[in-house]
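> Fold the following for me, if possible:
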Amino acid sequence: MLTEHVTQSRYLRGAMKNVHPALRRRSGALLFCALTLLAGCANQSGTRAPVTDLNSGSTAVARTYVIKPGDTINKIARANGVDEATILRLNKLVNPNRLIAGQTLRLSEGTETAVSAPRPAAASKPESRPLDASASSTQVSETTAPAADAGLISWGWPAKGKVIQGFTQTTKGIDIAGNAGDAIEAAANGKVMYAGNGVRGLGNLIIVNHDNGFITAYAHNRSLLVKAGQEVKKGAKIAEMGQTDAASVRLHFEVRRQGTPVDPLQYLPSR
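Down below sits the predicted model:
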């Protein structure tokens, strides 16, 4: 296990050389976005994504800190000499255990600085979306207008169940219900960039890199049927549905465009 993990870690680090899609548009940069921005904060395997610290500032500029895999509010507070309550207040964090690797926390009062990493969803006003109110485990309407770039890739549904949780700036994806062992299929042609359970909160996870700056993520699986580096075709069975790190059997499915979460229902075909 350890040898395989080390080999995989080296593979992932090699795939993350092109770090920021605004600087390099090559699709290999998307793996960095996937592992640092996906929901779930701690990589229990010890692999640390190369997230840049932005802990600089003056009396007029707010100090900031970019969350790394494995960070906790207590750890961040001790390392930066800031009270935990101050961090929670400045960032309006309701759940201190819900930290997202790659997001930026404010550590002091002052003017916010422009940063390359995404701001925490709790500290910013979410963009209004049709499905924002649909965050409970009930059936969600699957009728939505397609995105302008939806036709760049031939998309297919990753699972056959009903959508029970819609996309918001907090969920960053949709949840599809089903039964344990149901087939999880690749939503489009691509290459597996990650297959493992090193991201807390997502259970057994697969990340697939696609053309035109897209990646997809498939979380909470019972079992994984593919490995990192493997080419997959749209509709190929890549996992079995489960409930690892989830309250019930479901697939958490995300689509990201140049590292930014987008509503999967705007890309998946009508059914």
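> and the nearest residue to Pro158 once chain neighbours are set aside, how many neighbours?
Distance criterion CB to CB, 6 or more residues apart in numbering; nearest residue to Pro158, sequence neighbours excluded, is Ala187 at 4.8 Å. Every residue, glycine included, has its C-beta placed from N, CA and C. For Ala187, the neighbour count with other CB atoms under 10 Å is 28.
> Over to Leu265. Which of the three states is it?
Three-state assignment for Leu265 (DSSP: H, G, I helix; E, B strand; the rest coil): helix.
> residues contacting it?
Leu265 makes contact with Leu131, Glu142, Thr144, Val163, Gly166, Phe167, Ile174 under the criterion CB atoms under 8 Å, 6 or more residues apart in numbering.
> hang on, the earlier thing: and the residue nearest to Pro158, that one's in a helix?
No: under three-state DSSP, Ala187 sits outside any helix and is assigned coil.
> And the pLDDT at it?
The model reports Ala187 with a pLDDT of 98.
> for the one 3 residues further on, same thing?
Note for Gly190: predicted pLDDT of 97.
> Name the residues linked to it by a beta bridge.
For Gly190, the beta-bridge partners under DSSP bridges are Val232.
> who touches it in this structure?
By CB under 8 Å, 6+ apart, the contact list for Gly190 reads Val208, Asn209, His210, Asp211, Ile215, Thr216, Glu231, Val232.
> Out of these, grab the one that's most surrounded.
Within these, most neighbours by other CB under 10 Å means Val208, with 27 neighbours.
> separation between the residue nearest to Asp263 when sequence neighbours are not counted and Ala247?
Among residues not flanking Asp263 along the chain, Phe167 sits closest, at 4.1 Å (CB to CB, 6+ apart). To Ala247, Phe167 is 19 Å away according to CB to CB, to the nearest Å.
> the more surrounded of those two?
Neighbours per residue, other CB under 10 Å: of Phe167 and Ala247, the larger number sits with Phe167, 28 against 8.
> does that one sit in a helix or strand, and which one?
Phe167 is part of no helix or strand, with elements assigned from DSSP states H and E.
> Tell me, what's the model's pLDDT at it?
94.
> circling back to that earlier point, am I right that the residue nearest to Pro158 is in contact with Trp157?
Yes: between Ala187 and Trp157 there is a contact under CB atoms under 8 Å: 7.1 Å.
> Need the overlap of contacts for those two.
Leu268.
> Asn212 - nearest residue in space that isn't next to it in sequence?
Asn212's closest residue in space is Leu152 (CB to CB, 6+ apart), at 4.5 Å.
> Tell me how many other residues surround that neighbour.
16.
> List the residues that contact it.
Contacts of Leu152 by CB under 8 Å, 6+ apart are Asp211, Asn212, Phe214.
> Hmm, Gly173 is touching Pro261, no?
Yes: the pair Gly173 / Pro261 is scored as a contact, 6.8 Å apart, by CB under 8 Å.
> neighbour count winner among those two?
Gly173 (25 against 22).
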